[in-house]
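Enquirer: whatever this is, show me its structure:
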Amino acid sequence: MSLKSERELNPTSKNQVNRAKTAVQSKNFDYAITLLQATLKEEPLFLEGRRLLRAVEIQKHEATGTFTRQMTSMRMSGTLMKLSTGKKTPQEQLIQAEEILALDPYQQKANVMIGEAGAALGYPEFKCFAYETLAKGKPTDKAILHSLAEAYMEAKDAAKAEKTYERILEIDPRDGDALSGLKNASAANASKVGGWETSNNDYRNVLKSKSEAEQLEQEAKVVKSADAIEDQIAVNFQKHQAEPANPNHSKAIAQLYIQRNDYASAVPWFEHAFEAGGNVDSALEKTIGDLRLKNVENELQALRNDLAGKTDPEEQAQAQAAVDQKEKELNDARLYLAEARVRAQPNEGEFRYDLGEALYKIGQFKRATEELQQSLKQPSVRYQALNLMGLAFKARGMLDFAEKQLALAESELPIMDEVKKEIVYNLGLVYEATKKEDKALEQWKKIYEVDMSYRDVAARVEASYGGSDHSA
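Expert: Numbers count the residues shown, from 1 in each chain. Sure thing, here's the model as predicted:
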């Protein structure tokens, strides 16, 4: 069995999901929850649907008063007892846990069971999802955040684990377990970004021999200070001079520069390794793109900081010109990275989205829509892709196509989160451009109802009432 996407569901389940989305739009949360629970009983590995179900449950939960929540908590006691009794299959655990979560989506025991049942089926993504939910309910609970970070590591998502450990250290800078976890996650992430991992997740296989791998491990252990890094760079440079065609020496030097956060120096060494390897190592090509991007981002931030400190108009103009030039370099670096990733994995939807976004930012709107269209089947970026497609079509003057993409995205999103706000706002701009002022105003009113401070919706909505302040 494998995780299922919505397009892989049978017609009955697809119909249930669509009806659930419609029910959410009309705030009929109970009916939507019933439909999605039925779908998940048939398709337990439809994780995308489970995320949608949880989002609906959270929306309902947050709209419920304190007294009602207390009464619900009393009703749950009997159902909670069932979770601890009898031996159950993972599928049965998932069903029983969802019964609890329909009443309280933040209930800890039920969420943990979701994670454990999914992991038992071979999918650690369930455990990540479960602790993400708990962390949303208790964003400063260190125990939950530690469990979330460990789940990310189990799922081999070191980047998210690293960010989670950083969140813990923001709460408690003295948390030793978080410091240790951050170090391990950072090392794992650097290894992955650096292209050391292979199909069996053992970087030894990219070296010529086991003894060479052990030597590199030993060298890495002694790299603790700036002086030690310099010493190791010198050692590996001598090896490089002795064997200039060996890419491993160049990679080792580049990794040492990364430890020093000197991305500009690391890039040419990785480039040399890429060329020495015949320009065929796609993982290394992506690493070069990542580092170029990081380096330009750091330089851009420094220029922005410099601009913020200028008071003389002439100096401000010069600093702004430098920022503009660096922003162009950043867009070029993003495009390089996105194109490299698509070449390496042309069927990866998220990489197609990144390329579409990079093309949009440099004004290549036609190519952008082509790439974004190919990313729509990737659930994690579907709505961002529809939004950017709408904006790209708008920029091309194809307003009917822009309206269609944005309206579709709005209809599918159940919750007015930041992504949906942007989509709703942009659809309003398209209606405005097509002289449908009433429909445009209705879009901005939807945002105004939940977030008056979003962009300029307050000014737009209040202007339609004459712009006067009606407060007493």
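
Enquirer: alpha carbons only for contacts and neighbour counts from here, please
Expert: Fine.

Enquirer: any buried residues in stretch 7-25, and which?
Expert: Residues of stretch 7-25 classed as buried: 9, 13, 16-25 (neighbour count, 16 or more other Cα atoms under 10 Å).

Enquirer: and stretch 263-278, by the same measure?
Expert: Of all the residues in stretch 263-278, those buried under the rule 16+ other Cα under 10 Å are 263-267, 269-274, 276.

Enquirer: pLDDT of it, averaged?
Expert: Averaging pLDDT along stretch 263-278 yields 85.

Enquirer: contact partners of that stretch?
Expert: Applying Cα atoms under 8 Å, 6 or more residues apart in numbering, the contact partners of stretch 263-278 are 245-248, 250-251, 253-258, 280-281, 284-285, 288, 291-292, 294-295.

Enquirer: using PDB, list the CA coordinates for it.
Expert: Output in PDB follows, covering the C-alpha atoms of stretch 263-278 (Å, rounded to 0.1, in the frame of the first residue of the first chain):
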ATOM      1  CA  TYR A 263      29.200  29.900   1.000                       C
ATOM      2  CA  ALA A 264      31.000  32.000  -1.600                       C
ATOM      3  CA  SER A 265      34.200  30.000  -1.100                       C
ATOM      4  CA  ALA A 266      32.400  26.700  -1.000                       C
ATOM      5  CA  VAL A 267      30.700  27.100  -4.400                       C
ATOM      6  CA  PRO A 268      33.800  27.000  -6.700                       C
ATOM      7  CA  TRP A 269      35.000  23.900  -4.900                       C
ATOM      8  CA  PHE A 270      31.700  22.100  -5.400                       C
ATOM      9  CA  GLU A 271      31.700  23.300  -9.000                       C
ATOM     10  CA  HIS A 272      35.200  21.800  -9.500                       C
ATOM     11  CA  ALA A 273      33.900  18.500  -8.000                       C
ATOM     12  CA  PHE A 274      30.900  18.600 -10.400                       C
ATOM     13  CA  GLU A 275      33.100  19.100 -13.400                       C
ATOM     14  CA  ALA A 276      35.600  16.500 -12.200                       C
ATOM     15  CA  GLY A 277      32.700  14.000 -11.900                       C
ATOM     16  CA  GLY A 278      31.700  14.600 -15.500                       C
END
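
Enquirer: out of the contacts of stretch 263-278, which are inside helices?
Expert: Among the contacts of stretch 263-278, the residues falling in helices (DSSP state H) are 247-248, 250-251, 253-258, 284-285, 288, 291-292, 294-295.

Enquirer: number of nearby residues for Asp172?
Expert: A count of nearby residues for Asp172, using other Cα atoms under 10 Å, gives 13.

Enquirer: sorry, wrong one. I was asking about Ser453.
Expert: The number of residues near Ser453, taken as other Cα under 10 Å, comes to 11.

Enquirer: and what of Ala228?
Expert: 15.

Enquirer: next: Lys366.
Expert: Each residue near Lys366 was counted by other Cα under 10 Å, and the total is 16.

Enquirer: tell me which element it falls in.
Expert: Lys366 belongs to helix 365-374 when assigned by DSSP states H and E.

Enquirer: in that helix, what counts as buried?
Expert: Those would be 365-366, 368-369, 371-374, for helix 365-374 by 16+ other Cα under 10 Å.

Enquirer: CSV please, covering those residues and showing pLDDT and distance to Ala117.
Expert: Output for these, formatted as CSV (pLDDT from 0 to 100; distance: Cα to Cα, whole Å):
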residue, pLDDT, distance to Ala117
Phe365, 96, 44
Lys366, 96, 45
Ala368, 95, 40
Thr369, 96, 40
Glu371, 95, 37
Leu372, 96, 35
Gln373, 95, 35
Gln374, 94, 33
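
Enquirer: adding distance to Gly115, write these out as CSV.
Expert: CSV is the format used below for these (distance: Cα to Cα, whole Å):
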residue, distance to Gly115
Phe365, 41
Lys366, 42
Ala368, 37
Thr369, 37
Glu371, 34
Leu372, 32
Gln373, 33
Gln374, 31
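
Enquirer: Ala338 contacts Glu350, doesn't it?
Expert: No: contact criterion Cα atoms under 8 Å: Ala338 and Glu350 do not qualify, at 9.8 Å.

Enquirer: just for the stretch 151-300 of the chain, where's the confidence low?
Expert: Applying pLDDT under 70 to the stretch 151-300 of the chain picks out residues 190-226, 282.

Enquirer: tell me where it has helices.
Expert: Taking DSSP state H, counting those that start in this stretch to define them, one finds helices in the stretch 151-300 of the chain at 158-171, 176-193, 210-222, 226-242, 247-259, 263-276, 282-308.

Enquirer: most neighbours per residue, which of those helices?
Expert: With neighbours defined as mean count of other Cα atoms under 10 Å, these peak in mean count at helix 247-259, which reaches a mean of 22.

Enquirer: so which residues make contact with that one?
Expert: By Cα under 8 Å, 6+ apart, the surrounding residues in contact with helix 247-259 are 194, 207, 229, 232-233, 236-237, 239-240, 263, 265-267, 269-270, 272-274, 276-277.

Enquirer: if you count neighbours, what's buried in the longest helix anywhere in the chain?
Expert: With secondary structure taken from DSSP H, the chain has its longest helix at helix 313-344. By neighbour count with 16+ other Cα under 10 Å, helix 313-344 contains the buried residues 316, 319-320, 322-323, 326-327, 329-342, 344.

Enquirer: now do the contacts for Ala402.
Expert: Per Cα under 8 Å, 6+ apart, neighbours of Ala402: 389-394, 430.

Enquirer: cool, and Lys421?
Expert: The neighbours of Lys421, taking Cα under 8 Å, 6+ apart as the test, are Ile447.

Enquirer: of the helices of the stretch 151-300 of the chain, which is nearest Gly137?
Expert: helix 158-171 (14.9 Å; Cα to Cα).

Enquirer: tally up the residues packed near the nearest residue to Leu335 once chain neighbours are set aside, please.
Expert: Distance criterion Cα to Cα, 6 or more residues apart in numbering; nearest residue to Leu335, sequence neighbours excluded, is Ala358 at 5.2 Å. When counting by other Cα under 10 Å, one arrives at 24 neighbours for Ala358.

Enquirer: Ala358 is in what secondary structure piece?
Expert: Counting by DSSP H and E, Ala358 is part of helix 349-361.

Enquirer: go on, Cys128?
Expert: helix 125-137.

Enquirer: quick one: distance of that helix to the chain centre.
Expert: Per Cα atoms, centre = their mean, to the nearest Å, the displacement of helix 125-137 from the mean C-alpha position of its chain is 14 Å.

Enquirer: can you list the domains in the protein?
Expert: 6-137, 226-280, 371-472 (automatic domain parsing).

Enquirer: got TSV for the ones you listed, with distance to Asn305 too?
Expert: Formatted as TSV, those follow (distance: least, Cα to Cα, whole Å):
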stretch	distance to Asn305
domain 6-137	33
domain 226-280	19
domain 371-472	24
